Every structure is written in structure tokens, then in C-alpha cells.
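Q: Fold the following, please.
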Amino acid sequence: MDRRALLGLKTQPLRTSGGGGGAQPTYLRLPTITANVIRPGGRRGVMTVETGLDTPDAALRTRVAQSAPRLRAAYAAVVQQSASALLPGAPPDVERLVAQLQAATNTVMGRAGARLLIGTVMVV
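A: Okay, the predicted model is just below:
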């Protein structure tokens, strides 16, 4: 988070009247999702998943930004379910996790169009 923007100290770039303006970024990074896992030997561990959404459609991009809390809740449920099914010492099934997270994205948004991107899946 940029604290200067939060306090209102960050200056906005000057826009000129010429030209069509710059393209808006289509990628929205979401906070890291975590879930508890059981590690070998019965100890507790943490599974972390970094996610983001690529949304080329401007109207859907606005809706994705507004629905970020609902998306995080849906992702947390999917990651927790995947982590609880994970055997101790086994690596997570990333392809299945991505398919489930994309299905959760489409359900929350009500239609397809926002593409889920995975950064890192880590079990510690």
C-alpha cells in the first residue's frame, strides 16, 4: 500500500488535452490467501497462495475491483478446502487449485471474463 496516496500526499500526473490518454492497467493483485495444513510429524503449517486477476474489459474490471472482498472470501474457502485435503508432506495440486479458483471467480463475478493468475503456491 502506498501511504502517500492514503494521506493524499501523492501528486497526480498532469494530463494533457491532446491524445487519447494512457491505457489503464488490466491486472489487479489481491492479498495473499493463507490456510492451515498438517505437516509431516503432525505439526501445523501454512499454505500461501498469491493471486491476481487480469480483466481486459473495463466494465468488468470496475466490478472486479468492487467485488474484491467477495473474491478474497471465495478464494479463502477454496484454499482452505484444498489445504485440508492435502496429505502431510505432499505437494499441492496447483492445476486443480487454479481450476477451482477460476470457477470461484466466475461464480462471484456472475460471468467469465476475469482471468485468474497465480503467483506462488507455497506450503511451509
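Q: Could you pull out the strands in the protein for me?
A: Counting by DSSP state E, the chain has strands at residues 27-29, 33-38, 44-54, 115-123.
Q: Sheet partners, orientation included, of the last one?
A: Which is strand 115-123. Here strand 115-123 is paired, per DSSP bridges, with strand 44-54 (antiparallel).
Q: List the buried residues of the partner strand.
A: 45, 47, 48, 49, 51, 53 (16 or more other C-beta atoms under 10 Å). Heads up, the C-betas are built off the backbone N, CA and C, glycines and all.
Q: With stretch 104-120 instead?
A: 104, 105, 108, 109, 113, 114, 116, 117.
Q: what pLDDT, on average, does that stretch get?
A: Stretch 104-120 comes out with an average pLDDT of 96.
Q: just stretch 72-90 next, same as before
A: Mean pLDDT, stretch 72-90: 95.
Q: just how off-centre is that stretch within its chain?
A: 15 Å (C-alpha atoms, centre = their mean, to the nearest Å).
Q: got the CA positions of that stretch in CSV?
A: Output in CSV follows, covering the C-alpha atoms of stretch 72-90 (Å, rounded to 0.1, in the frame of the first residue of the first chain):
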residue,chain,number,x,y,z
ARG,A,72,-11.0,-12.9,-1.3
ALA,A,73,-13.7,-14.7,0.8
ALA,A,74,-14.3,-17.2,-2.0
TYR,A,75,-10.6,-17.8,-2.6
ALA,A,76,-10.0,-18.3,1.2
ALA,A,77,-12.7,-21.0,1.2
VAL,A,78,-11.2,-22.8,-1.8
VAL,A,79,-7.7,-22.6,-0.5
GLN,A,80,-8.8,-23.9,3.0
GLN,A,81,-10.6,-26.8,1.4
SER,A,82,-7.6,-27.6,-0.7
ALA,A,83,-5.2,-27.4,2.2
SER,A,84,-7.4,-29.6,4.4
ALA,A,85,-7.4,-32.3,1.7
LEU,A,86,-3.6,-32.1,1.4
LEU,A,87,-1.8,-35.1,2.7
PRO,A,88,1.2,-34.4,5.1
GLY,A,89,4.3,-33.9,3.0
ALA,A,90,2.5,-34.0,-0.3
